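Engineer: could you work out the structure for the sequence below:
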Amino acid sequence: MARYTGPRLRISRRFGEPIFGASRTLSRKSYPPGIHGRFKRGGKLSEYGRQLMEKQKAKAIYGLLERQFRRFFEKAARMKGNTGENLLQLLERRLDNVVYRMGFARTRPAARQLVSHGHILVNGRPVNIPSYLVSPGNVISLSPKAQQVQAFQKTLESSRSKYPWIEVRKSEYAGTFLYVPPRAEIPENIQERLIVELYSK
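Structural biologist: So this is what the prediction gives:
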């Protein structure tokens with residue numbers, strides 16, 4: 001199976017930062033995972049190693065495989081402007097990511113499942129493609145059937161969408177993607193410059 005389905009904390013420990021959210025275990029086990037992780041010598045990464053690590057981190061955060069990620073990079077490279085910023089903006093526009101940002105799901109994998117199972121509507125029409133690119137002004141909502149599911153109701157009620165490019169209306173089980181966020185507003189700790197350098201070799 002290509003997609004990683006193991007513990008997410010293991011991935012966070014590999015990168016040495018809480019890429020999936022705060023964790024007390026991560027602060028207690030600040031060394032890499034694996035039987036030799038505690039005794040691993042802290043050698044300095046090569047430039048290539050840093051670039052590869054940054055790409056792997058971005059893939060892990062957004063839950064993409066290599067071929068998918070590369071397609072997004074190639075599309076970003078064809079766009080006008082900064083390629084690194086374009087890449088992150090495209091990733092933020094993915095439907096599964098927008099559903100996660102709006103608080104309809106607690107994690108991106110859960111948001112991807114919501115989309116794949118046909119529980120998400122875009123401008124009133126069902127879309128079951130997680131990689132669908134949301135455009136400014138698009139209204140994202142839960143399907144009428146999903147609105148009756150208590151688990152979805154509780155998730156949305158307890159969520160707090162804190163992103164200025166998204167407007168959420170909990171009473172309507174819907175939200176609007178207002179605009180494509182500039183790099184300064186995207187909270188993910190990714191050095192996109194290193195990714196661009198890696199793919200430009």
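Engineer: which secondary structure elements does whatever helix or strand residue 101 lives in contact?
Structural biologist: In this structure, residue 101 is located in helix 95-102 according to DSSP states H and E. Applying 3 or more CB pairs under 8 Å, 6 or more residues apart in numbering; DSSP states H and E, one finds that helix 95-102 makes contact with helix 83-93, helix 108-116, strand 120-122, strand 139-142, strand 166-169. Quick note: C-beta positions are derived from backbone N, CA and C, even for glycine.
Engineer: I'd like to know which elements the shortest one is packed against.
Structural biologist: In other words, strand 120-122. helix 95-102, strand 139-142.
Engineer: sheet partners, orientation included, of the last one?
Structural biologist: What that stands for is strand 139-142. strand 120-122 (antiparallel), strand 174-177 (antiparallel) (DSSP bridges).
Engineer: quick revisit: what's the closest of the helices and strands packed on helix 95-102 to residue 193?
Structural biologist: Closest to residue 193 of these, according to CB to CB: helix 83-93, at 5.5 Å.
Engineer: show me what that closest one is packed up against.
Structural biologist: Using 3+ CB pairs under 8 Å, 6+ apart, helix 83-93 sits against helix 66-78, helix 95-102, helix 192-199.
Engineer: what mean pLDDT does it get?
Structural biologist: Per-residue pLDDT values over helix 83-93 give a mean of 97.
Engineer: what of stretch 124-131?
Structural biologist: 96.
Engineer: okay, it in CSV with CA atoms only?
Structural biologist: The C-alpha trace of stretch 124-131 is given here as CSV (Å, rounded to 0.1, in the frame of the first residue of the first chain):
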residue,chain,number,x,y,z
GLY,A,124,-24.8,22.9,-4.3
ARG,A,125,-23.4,20.1,-6.5
PRO,A,126,-21.7,17.0,-5.1
VAL,A,127,-18.0,16.7,-5.7
ASN,A,128,-16.1,13.6,-4.7
ILE,A,129,-12.6,14.4,-5.9
PRO,A,130,-10.3,15.5,-3.0
SER,A,131,-7.9,17.2,-5.4
